[in-house]
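Participant: Following is a predicted model, sequence given first.
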Amino acid sequence: MSYLKKNLLLEVSITLRKREVSVVENVTKFLVYCIEIYKTANKLNGKQVIRLFNQYGILEFIVNCYGALHTTGPEYIIEDITGFIEEQRQKAG
């Protein structure tokens, strides 16, 4: 492989890793935002929200739906999280 190709591949690799880090940072910030708005809307403390989110898989739900959720307002996010929790509760019976 030529020197130019090796450098090009290295640059592409570095750029992709920077994007991956950026995506992870954005999703992490959004998770924190969702926790905070849900906490405030439902008058819960941080431990209660984390316990609830862990119990019903909300963090995974938010990550999986990040593409759609991060473009909406806080009211919709809270409504979506609440709806997902209700669905999970009904499944658990």
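Facilitator: Received, thanks.
Participant: For the spatially most central residue of the chain, report the pLDDT, please.
Facilitator: Centroid-nearest residue in the chain: residue 63, 3.4 Å away (criterion: CA atoms, centre = their mean). With respect to pLDDT, residue 63 scores 93.
Participant: Name the helix or strand for it, please.
Facilitator: Here residue 63 sits within helix 58-64, counting by DSSP states H and E.
Participant: circling back to that earlier point, give the full set of residues in contact with the residue nearest to the centre of the chain.
Facilitator: Neighbour list for residue 63: 27, 31 [criterion: CB atoms under 8 Å, 6 or more residues apart in numbering]. C-beta coordinates here come from the backbone N, C-alpha and C atoms, glycine included.
Participant: Ok, residue 13 next?
Facilitator: Counted by CB under 8 Å, 6+ apart, residue 13 has zero contacts.
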